[in-house]
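> Structure of the sequence below:
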Amino acid sequence: MEHAPTIDLSSAFGGTDSDRLEVAMQIDSACRATGFFVAIGHGVEETLLENVIDASREFFHLPISEKAKVSPPGPNHFRGYLGLDTTALASTLEIETPPDLCESFNVSRFDDPVMRSKVEQPGAEAVFCENMWPENPEILRTAYETYFAEMEHLCSEILKLMAIALELPEDWFDDKFEQPTSLLMANWYPPVTGEVFSGQLRRGEHTDYGAFTIVAPEQIPGLQISVDNQWVDVKLVENGYVINIGDLLARWTNDRWTSTLHRVVLPDESNHRQRDRISIPFFFQPSYTAEIKTIPTTVDEYKKSSYEPVISGEWITAKSMSMLE
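The predicted model follows:
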């Protein structure tokens, strides 16, 4: 059994209603099983991703003093650069581990002050703050903004297929994502040549918080998911995007779909350990004020709703804060 099956989206994007239904059913099957699949035929030009990876690698290779110029200025600011020893994702599950062997840089979509004034919420300034753009490399901002827009488009198309899979109208999710609080991140895993602390990983075990995540990893092994309490590798697929369900969508679907634990380990082979690795996750998240209430098609006389409604932004903010504590 493939724990993260490969799904070709091309027929759904350019085909008939029957083609769309067939792909939607494949997505449903994968999301019921592990919540992970690898998407090909997604239509994203490789150069867009290559530009983000190249610009990110150039940024992470800068001196720490340069990178620190775009670090969050305080606890109420989530954007910018986070260095080594600052995050441990396993802490979101109240698991104590050494800090992750990872540096990161992230941006959102709220640079426009007019847009920000329309959507920001009292007490949630950290979610809606402006991005911290570095001066170098100069191409970074353009590369990120172009890729961000492409990911938003891809996510909206995948969301329609998910609606079909859940026996909903294609546009059922639209009003819940009018002003998404999505996040684009670059994770940089530096080369490891010596010993590390016991239990230290490139990214500790965690689930994602939002609707779903699209990850573009370099072709270096390390991503694992938990299946029946065993860690299994997610295979590398050339030009394939790893897509996984987040906590909110699992809750929304009344656990019909699953948000699975995953982590990034140090590869066994020394040639992989001694190379840096970059992954580019795009976290697709609903509007801050969206109410996450059990989807009606996932409830019947035999399966009652397991969850009380939550507010999307409040859930994600609480999880984000726990990672930084």
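
> Break down the stretch 101-250 of the chain into its helices, ranges please.
Secondary structure of the stretch 101-250 of the chain, counting by DSSP state H, counting those that start in this stretch: helices at 113-119, 125-128, 140-165, 247-252.

> what comes up buried for the longest one?
Same thing as helix 140-165. Across helix 140-165, burial judged by 16 or more other C-beta atoms under 10 Å covers 140-141, 143-145, 147-148, 150-152, 154-155, 157-165. C-beta here means a position set from N, CA and C on the backbone, and glycine is covered the same way.

> so where is the stretch 201-325 of the chain shaky, pLDDT-wise?
Where the stretch 201-325 of the chain drops to pLDDT under 70, the residues are 321-325.

> please redo it, this time with the cut-off set to 90
For the stretch 201-325 of the chain, the stretches with pLDDT under 90 are 201-206, 209, 217-222, 265-275, 300-303, 315-325.

> Kindly report the same for the stretch 1-150 of the chain.
Checking the stretch 1-150 of the chain against pLDDT under 90 turns up 1-2, 14-15, 72-78, 83-102, 111-129.

> in it, which spans are strands?
In the stretch 1-150 of the chain, the strands defined using DSSP state E, counting those that start in this stretch lie at 6-8, 36-40, 80-82, 103-107.

> Can you add mean neighbour count and distance to residue 305 and give the ones you listed back as a markdown table?
Below are these laid out as a markdown table (neighbours: other C-beta atoms under 10 Å; distance: least, C-beta to C-beta, whole Å):
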| stretch | mean neighbour count | distance to residue 305 |
| --- | --- | --- |
| strand 6-8 | 17 | 28 |
| strand 36-40 | 21 | 25 |
| strand 80-82 | 23 | 36 |
| strand 103-107 | 23 | 33 |
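
> Would you convert the helices of the stretch 101-250 of the chain into CSV that also reports distance to residue 42?
What follows is the helices of the stretch 101-250 of the chain, written out as CSV (distance: least, C-beta to C-beta, whole Å):
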stretch, distance to residue 42
helix 113-119, 27
helix 125-128, 27
helix 140-165, 6
helix 247-252, 19
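
> Tell me which of the ones you listed sits nearest to residue 71.
Closest of the helices of the stretch 101-250 of the chain to residue 71 is helix 125-128, at 13.9 Å (criterion: C-beta to C-beta).

> List of residues touching the closest one?
Contact partners of helix 125-128, identified using C-beta atoms under 8 Å, 6 or more residues apart in numbering, comprise 75-78, 108, 110, 116, 119-121, 181, 288, 313, 316-317, 320.

> just to revisit the earlier point, name the stretch from the strands of the stretch 1-150 of the chain that approaches residue 301 most closely.
With respect to residue 301, and counting by C-beta to C-beta, the nearest of the strands of the stretch 1-150 of the chain is strand 36-40 at 30.5 Å.

> Determine the set of other helices and strands touching that closest one.
Contacts defined by 3 or more C-beta pairs under 8 Å, 6 or more residues apart in numbering; DSSP states H and E place strand 36-40 against strand 6-8, helix 17-33, strand 241-245.

> if you set the cut-off to 6 Å instead, what comes out?
The contact analysis (3 or more C-beta pairs under 6 Å, 6 or more residues apart in numbering; DSSP states H and E) places strand 36-40 against strand 6-8, strand 241-245.

> what lines up beside the longest one in the sheet?
Strand 241-245 sits in its sheet next to strand 36-40 (antiparallel), strand 212-217 (antiparallel), going by DSSP bridges.

> picking up where we left off before, residue 297: which of the helices of the stretch 101-250 of the chain is closest?
helix 140-165 (9.8 Å).

> Give me the angle between the closest one and helix 17-33.
100 degrees (axes from the mean of the first three to the mean of the last three C-alpha atoms, to 10 degrees).

> how about the nearest residue to residue 177, chain neighbours excluded?
Setting aside the residues directly before and after it, residue 177 is nearest to residue 286 in space (C-beta to C-beta, 6 or more residues apart in numbering), at 5.4 Å.

> pretty sure the one you found is in contact with residue 175, am I right?
No - look at residue 286 against residue 175 with C-beta atoms under 6 Å: they stay out of range, at 9.8 Å.

> neighbour-wise, which of these two wins?
residue 286 (27 against 10; other C-beta atoms under 10 Å).

> Which residue comes closest to residue 164 once chain neighbours are left out?
Residue 164 sits nearest to residue 24 (C-beta to C-beta, 6+ apart), 3.9 Å away.

> is it true that that neighbour touches residue 163?
No - using C-beta under 6 Å, residue 24 is not in contact with residue 163, being 8.3 Å away.

> what's the burial count for residue 166?
Using other C-beta under 10 Å, residue 166 has 22 neighbouring residues.

> For the residue lying closest to it once chain neighbours are set aside, give its distance to residue 141.
Excluding the flanking residues, the one nearest residue 166 by C-beta to C-beta, 6+ apart is residue 297, at 5.5 Å. For residue 297, the distance to residue 141 equals 41 Å [C-beta to C-beta, to the nearest Å].

> Out of the strands of the stretch 1-150 of the chain, which is closest to residue 54?
That would be strand 103-107 among the strands of the stretch 1-150 of the chain, by C-beta to C-beta, at 13.7 Å.
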